[in-house]
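A.B. asks: dropping a prediction and its sequence here:
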Amino acid sequence: MMSDSLATRLGFVEAVVNNDVDTGQFVMSEIVSADAIDGLRQLNQERNSIQHIAALNASESEARFEQLLPDVKAVLYALRKLRNVSFIQYRRSEPTPRDLKCRKFDGHTLGRMNYDLCLSDAQFAAIGANLTANRLYAELGEDIFCVSPFAHVVDENHQTYLCFYKKKNNATSFRFERVGTPVGEFDLDGGQFQDVRDAIEGALQHVV
């Protein structure tokens, strides 16, 4: 599950999307289509092929870029409903366990905004017992779920950075990369995400 192989990750995504369709939930499959997964696989194969050939000169690089640009645009269009997903950095609950104080990131922006969220009965039953400060959650309509460590958020020097999981260094260390910063990579203790990993692995056993 913590593989740094994009092909493996796409396999997990495909299994979750297929299960979403089979169970009639139509949550994930409304966001990530089979066409989008196929397009990402093809682009990943193109990337791998480029890495295994000699360095391209300027004209060859430009030709390959022009060749692949329509495919990139097609995948981005297929994933356009991701704009309906918001990232939420949970901070604390106040004044009741259902009243969440959060920071919110909408769409592609890295700018944060303060966000107060009152959980419904269904939402509180789903995530209330497992809320953890400074983890990243995704909000899609009425659904709220933890996305750390795959997407995560860190506070450093009064700044908040969205980041994404890159690879597992060893049994206790995960490598992350900040979004939109020149010095992007850093390591975190992977043990802090063990409960999330256990929950995801349990769910994947039924779909993979």
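C.D. replies: Perfect, I can see it now.
A.B. asks: what about residue 31, neighbour count?
C.D. replies: By the criterion of other CB atoms under 10 Å, residue 31 has 18 neighbours. To be clear about C-beta, it is placed using only N, CA and C from the backbone, and glycine gets the same treatment.
A.B. asks: now it: closest residue in space that isn't a chain neighbour?
C.D. replies: Residue nearest to residue 31 in three dimensions, not counting chain neighbours: residue 81, with 4.9 Å by CB to CB, 6 or more residues apart in numbering.
A.B. asks: quick one: that neighbour from residue 68, how far?
C.D. replies: 23 Å (CB to CB, to the nearest Å).
A.B. asks: how near is the residue nearest to residue 31 to residue 65?
C.D. replies: 26 Å.
A.B. asks: repeat that for residue 79.
C.D. replies: Relative to residue 65, and taking CB to CB, residue 79 is found at 20 Å.
A.B. asks: same drill for these two, tell me which one is more crowded.
C.D. replies: Using other CB under 10 Å as the criterion, residue 79 and residue 65 rank with residue 79 on top: 17 against 11.
A.B. asks: quick one, what contacts the more buried one?
C.D. replies: Shown in contact with residue 79 (CB atoms under 8 Å, 6 or more residues apart in numbering): 31, 32, 36.
A.B. asks: and which of those residues is nearest to residue 144?
C.D. replies: Nearest to residue 144 out of the contacts of residue 79 is residue 31 (CB to CB; 14.6 Å).
A.B. asks: go ahead and confirm that closest one touches residue 83.
C.D. replies: No: in this structure, residue 31 is not within contact of residue 83 by CB atoms under 8 Å, at 9.8 Å.
A.B. asks: low-confidence ranges, this structure, go.
C.D. replies: 26, 54, 107-109, 206-208 (pLDDT under 70).
A.B. asks: select the longest helix from it.
C.D. replies: What stands out as the longest helix in the chain, according to DSSP state H, is helix 58-78.
A.B. asks: okay, buried residues for that helix please.
C.D. replies: When burial is assessed from 16 or more other CB atoms under 10 Å, helix 58-78 yields the following buried residues: 75, 78.
A.B. asks: and the next helix or strand past that helix?
C.D. replies: strand 86-93 (DSSP states H and E).
A.B. asks: mind listing what's buried along that following strand?
C.D. replies: Result for strand 86-93 [16+ other CB under 10 Å]: buried residues 86, 87, 88, 89, 90, 93.
A.B. asks: in TSV, list these along with distance to residue 117.
C.D. replies: TSV is the format used below for those (distance: CB to CB, whole Å):
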residue	distance to residue 117
86	10
87	13
88	7
89	11
90	9
93	10
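A.B. asks: out of everything not next to it in sequence, what's closest to residue 195?
C.D. replies: In this structure, residue 195 finds its nearest non-sequential neighbour in residue 130, 6.9 Å apart by CB to CB, 6+ apart.
A.B. asks: hang on, I meant residue 111
C.D. replies: Using CB to CB, 6+ apart, the nearest residue to residue 111 is residue 105, at 7.4 Å.
A.B. asks: domain map for this structure?
C.D. replies: Listed domain ranges for the chain are 6-81, 84-204 (source: automatic domain parsing).
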